[in-house]
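J.: below are the sequence and a predicted model for it; my questions follow.
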Amino acid sequence: MSTVRGAPPLLRVGNAVALPLHPRSLLWTLVLLAALLAAAAATLSLGRLGIPATELVDALTGDTTPAQEFVLRRLRGPRLVVALGTGAALGLAGALFQSVTRNPLGSPDVIGLNAGAGAGAALVALALPGVVPVPLGALLGAVLAVVVVATVTGTGLRHPGRLIVAGIGVAAMASALTHFVVAALARDQASVLYAYVNGSLSARSWEHALTIWLTLALAAPPLAALARPVALNEMGDELADSLGARAAATRAAAITLSVVLSAAAVGVAGPIAFVSLTAPQIARRLTRAAGPNLVVSALVGALILALADLAVQQVPLGEGLPVGIVTLAVGGVYLGFLLVREWRRGVL
Amino acid sequence: MTTTTAPPQTGTARTTLLLGGAAAALAGALLLSLAVGSKPTAPDQVWAALTGTADPHTTAVVESRHPRTALGVLAGAALALAGLLMQGITRNPLADPGLLGVNAGAAAAVVTATAILGPASTAATVWWALPGALAAGLVAYSVGGRESGGGTVRLVLAGAVVSAVLTAYVQAVSLNMPEVFDSYRYWVVGSLAGRGFDAAVAVLPFVAVGALLALLLAGGLNALALGEETATSLGANPVLVRSGGLVAATLLAAGATAAAGPIAFVGLAVPHVVRALVGGDFRHQVPLALLAGPALLLLADVVGRFVLRPTELMVGVVTAFVGAPFLFYAVRRMRETP
């Protein structure tokens, strides 16, 4: 136990890593892992093509019929793994971003990253079909959008209000371009592109799964190293600096990492709305801990996306919809609720 | 947040001069809109076609540009006035039909109607767009319009939330119904092309009534700009001005949106320019916006016709890029706390 009253014990790895271990966070980590397991089992077993829950363990350990193997290896397996990785990446990206901007609304998708990614994907699909991969276009669009927002505010990414309004402007320009491309293409192509620019998990392969999980694996060490300085940053630049956290450098590193994670998520699943906004907030509410709550945010993000995708696959009305539309609707309602509540309290 | 920094001025001569300049700009934009296209026509030929002395071919070419020009005038005036009214009512320099979710409301209602009843004429579409636009605007305003605190960002955020939810709905419906998707994707980009005279005729009454209301409300908006209590003591009825302004803005925005699709930022940019030119007096702002809005939209449409030759860039894309810098300019003037 630490000597400071109320301060949690730390998980230390060398000098660089010191993750606080809150009992409450640990408990929620376990609960979320169980929920993820349940969501994963439901994803694989529900519906006409599902593998019955009783046979699921056997099927996963290799004892399958050819039909089950197809469902597991091709149809739902990779899709589930991509959903979990993408959700985790979005949750992490949002947690970092909200923490260093000290802004509950400062999430990559609120500042136009998603819209930029959509426009990048759309332009590449129209202008250079087959030459440049669509996810690469999405990546370029996402980065460009963030650069434009950071430039036009005149204060970089610090000022929350400016960030949001500039993001709305960039999003308006980007979606105008996307709409133009969707109108210019033939209907079949247009609806495929439209599904992509809303964020979709249908027909994902193991390559997509590898991309997102590799990104997560590569991001893990810097994330672990950043957890403590980012938490210190929440106390304000001066205090963080005096505690040796180097606020400006921390912010730059955290935002870079956040954009990389969001961009990887966009690359595999398209721009999925509002997961990176909501996951860290839910995590914060669950753990009641200060700081970015990285692990819990990642788990909440994964759970949100897994559940949304489960709904898209199994709820009759949602069938065939891109999962991003579900998160857009649900996340939009949540954002509205959040705004009203914060305004009532006079916080925002 | 104050929307005006210019001192109150009555420079009537200056306003007359500016109105003359705006009228000249509009005349130039009209001429360009009739002259520029896949078959460019010289100005004297355009004039000849208008007066009936040109050869039949040229006449036909110029006449084919009549509907989109008429629609551009109506939609430009409607959007500029709608933005002006909204900025006046909310005293928020970022108010704009697109940013407040009014466009998304119109889109949601139109898509619902199309899904249930099949594709409809523009005239029928307006009647659907109106309640959708009004409802969305009211929700955004009631969530984010309260004046205490830093309302600037709040209203825009509330509009963004309303837009997000309605957009999700629109996309869910349209992706499930190919015919709806097909008409939606042409409509949502915001375009003056490919619509007949009937579209302009259908929205003319809405725009006319809205513009008339805007002219009548100008004095009341001036009073409102001084604050609720001052307005009351000056004999204006703030509730009446606000609700009248909201009705007028809705008529204008829904009319323009139903006819030409959601066109971003004209409602944001024109009032900013107008305010910079004539100052805070709405009795000067309204007429100038009435001329400047159409001029801007027509010019944007003309630009869209030659940047991507041989295809066209729809006017909604051009205005997004012309208008966003005005938003960024407003962003830079925002105070440190939101």
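T.: Perfect, thanks for sending it. Numbering: from 1, shown residues only, chains lettered A, B, ... in the order given.
J.: contacts only, for residue B:237.
T.: residue B:220 (C-beta atoms under 8 Å, 6 or more residues apart in numbering or on different chains). For the C-beta atoms, the positions are set from N, CA and C on the backbone; glycine is no exception.
J.: phi first, then psi, for it.
T.: Residue B:237 adopts backbone torsions of phi -110, psi 100, taken as degrees, to the nearest 10.
J.: report pLDDT for it.
T.: You'll see residue B:237 listed with a pLDDT of 83.
J.: could you do residue B:147 as well?
T.: 53.
J.: now do residue A:13
T.: On the pLDDT scale, residue A:13 is placed at 63.
J.: likewise the one 3 residues further on?
T.: Per-residue confidence (pLDDT) for residue A:16: 59.
J.: and for residue B:323?
T.: pLDDT, residue B:323: 86.
J.: pLDDT weak spots in the stretch 201-348 of chain A?
T.: Within the stretch 201-348 of chain A, the stretches with pLDDT under 70 are A:318-319, A:346-348.
J.: quick check: buried residues in the longest helix seen in chain A?
T.: In terms of residue count, the longest helix belonging to chain A (DSSP state H) is helix A:206-233. Neighbour-count burial for helix A:206-233, counted by 16 or more other C-beta atoms under 10 Å in any protein chain shown, picks out A:208-209, A:211-213, A:215-216, A:219, A:223-233.
J.: run a quick neighbour tally on residue A:29.
T.: Around residue A:29 there are 17 other residues, counting by other C-beta atoms under 10 Å in any protein chain shown.
J.: the strand or helix carrying it: which residues count as buried?
T.: Residue A:29 belongs to helix A:23-45 when assigned by DSSP states H and E. Neighbour counts over helix A:23-45 (16+ other C-beta under 10 Å) mark A:25, A:28-29, A:32, A:35-36, A:39-45 as buried.
J.: format these as CSV; extra columns: pLDDT and distance to chain B.
T.: Listed next are the buried residues of helix A:23-45 as CSV, based on pLDDT from 0 to 100; distance: C-beta to the nearest C-beta, whole Å:
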residue, pLDDT, distance to chain B
A:25, 82, 30
A:28, 89, 27
A:29, 90, 30
A:32, 93, 26
A:35, 94, 24
A:36, 93, 25
A:39, 92, 22
A:40, 90, 25
A:41, 88, 27
A:42, 88, 22
A:43, 86, 21
A:44, 84, 25
A:45, 83, 26
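J.: returning to that earlier point: what's in contact with the helix holding residue A:29?
T.: For helix A:23-45, the external contacting residues (C-beta under 8 Å, 6+ apart) are A:8, A:50-53, A:56, A:71-72, A:76-77, A:79-80, A:83-84, A:283, A:286-289, A:293, A:295-296, A:299-300, A:302-303, A:306-307, A:309-310, A:313.
J.: how about the helix or strand following it: buried residues?
T.: Next helix or strand after helix A:23-45 toward the C-terminus (DSSP H and E): helix A:53-60. For helix A:53-60, a neighbour-count test (16+ other C-beta under 10 Å) marks A:56, A:59 as buried.
J.: count residues in the vicinity of residue B:163, would you?
T.: Residue B:163 has 28 nearby residues by other C-beta under 10 Å.
J.: with residue B:226 instead?
T.: Residue B:226, neighbours per other C-beta under 10 Å, totals 14.
J.: phi, psi of the spatially closest residue to it that is not a sequence neighbour?
T.: Spatial nearest neighbour of residue B:226, excluding adjacent residues (C-beta to C-beta, 6 or more residues apart in numbering or on different chains): residue B:234 at 7.3 Å. Here is the backbone geometry of residue B:234 (degrees, to the nearest 10): phi -80, psi 0.
J.: so residue B:136 sits against residue B:99, correct?
T.: No. Proximity of residue B:136 to residue B:99 does not meet the contact threshold set by C-beta atoms under 8 Å, at 11.5 Å.
J.: point out where the stretch 201-338 of chain B drops to low pLDDT.
T.: Along the stretch 201-338 of chain B, segments meeting pLDDT under 70 span B:335-338.
J.: close to chain A: what parts of it are there?
T.: Residues of the stretch 201-338 of chain B lying close to chain A (C-beta under 8 Å from any C-beta of the partner chain) are B:264-265, B:311, B:313-314, B:316-317, B:320-321, B:323-324, B:327-328, B:330-332, B:334, B:336-338.
J.: of those residues, select the buried ones using a ChimeraX command.
T.: Selecting only the buried entries of those in ChimeraX, with 16+ other C-beta under 10 Å as the criterion:
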select /B:264,265,313,314,316,317,320,321,323,324,327,328,330,331,334,338
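J.: can I get stretch A:324-343 in PDB, CA atoms only?
T.: Output of stretch A:324-343 as PDB, limited to C-alpha atoms (Å, rounded to 0.1, in the frame of the first residue of the first chain):
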ATOM      1  CA  GLY A 324     -21.700   2.700 -37.600                       C
ATOM      2  CA  ILE A 325     -25.300   3.800 -38.100                       C
ATOM      3  CA  VAL A 326     -26.300   2.000 -34.900                       C
ATOM      4  CA  THR A 327     -23.500   3.700 -32.900                       C
ATOM      5  CA  LEU A 328     -24.300   7.000 -34.600                       C
ATOM      6  CA  ALA A 329     -28.000   6.800 -33.400                       C
ATOM      7  CA  VAL A 330     -27.300   5.500 -29.900                       C
ATOM      8  CA  GLY A 331     -24.200   7.700 -29.400                       C
ATOM      9  CA  GLY A 332     -26.100  10.800 -30.700                       C
ATOM     10  CA  VAL A 333     -28.900  10.200 -28.100                       C
ATOM     11  CA  TYR A 334     -26.300   9.700 -25.400                       C
ATOM     12  CA  LEU A 335     -24.400  12.800 -26.400                       C
ATOM     13  CA  GLY A 336     -27.700  14.800 -26.200                       C
ATOM     14  CA  PHE A 337     -28.400  13.400 -22.800                       C
ATOM     15  CA  LEU A 338     -24.900  14.200 -21.700                       C
ATOM     16  CA  LEU A 339     -25.100  17.800 -22.900                       C
ATOM     17  CA  VAL A 340     -28.400  18.500 -21.200                       C
ATOM     18  CA  ARG A 341     -27.100  17.000 -18.000                       C
ATOM     19  CA  GLU A 342     -23.800  18.900 -18.000                       C
ATOM     20  CA  TRP A 343     -25.600  22.100 -18.900                       C
END
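J.: close to chain B, is that stretch?
T.: Yes. Legend: contact between stretch A:324-343 and chain B by C-beta under 8 Å from any C-beta is shown at A:325, A:326, A:328, A:329, A:331, A:332, A:333, A:335, A:336, A:339, A:340, A:343.
J.: in chain A, what residue lies closest to chain B?
T.: Residue of chain A nearest chain B, by C-beta to the nearest C-beta: residue A:161 (2.7 Å).
J.: how much space is there between that residue and residue B:153?
T.: 4 Å (C-beta to C-beta, to the nearest Å).
J.: who has more neighbours out of the two?
T.: residue B:153 (26 against 23).
J.: which residues touch the more buried one?
T.: Residues in contact with residue B:153 (C-beta under 8 Å, 6+ apart) are A:161, A:164, A:165, B:94, B:334, B:338.
J.: name the secondary structure element that contains the first one.
T.: This means residue A:161. Using DSSP H and E, residue A:161 sits in helix A:160-184.
J.: run the chain-centre distance for that helix.
T.: Remark: helix A:160-184 is offset 19 Å from the chain centroid, using C-alpha atoms, centre = their mean, to the nearest Å.
J.: next secondary structure after it?
T.: Following helix A:160-184 toward the C-terminus (DSSP H and E): helix A:187-198.
J.: what about the contacts of helix A:23-45, which are in helices?
T.: Filtering the contacts of helix A:23-45 for helices - DSSP H - leaves A:53, A:56, A:77, A:79-80, A:83-84, A:283, A:286-287, A:295-296, A:299-300, A:302-303, A:306-307, A:309-310, A:313.
J.: distance-wise, check residue B:253 relative to chain A.
T.: 16 Å (C-beta to the nearest C-beta, to the nearest Å).
J.: so that residue is in which element?
T.: Applying DSSP H and E, one finds residue B:253 within helix B:238-260.
J.: run through who's touching the next helix or strand after that helix.
T.: Per DSSP H and E, the first helix or strand lying C-terminal to helix B:238-260 is helix B:266-278. Applying C-beta under 8 Å, 6+ apart, the contact partners of helix B:266-278 are B:3-4, B:6, B:11, B:14-15, B:18, B:76, B:79-80, B:82-84, B:86-87, B:93-99, B:253, B:284-285, B:288-289, B:292-293, B:296-297, B:319, B:322-323, B:326-327, B:329-330.
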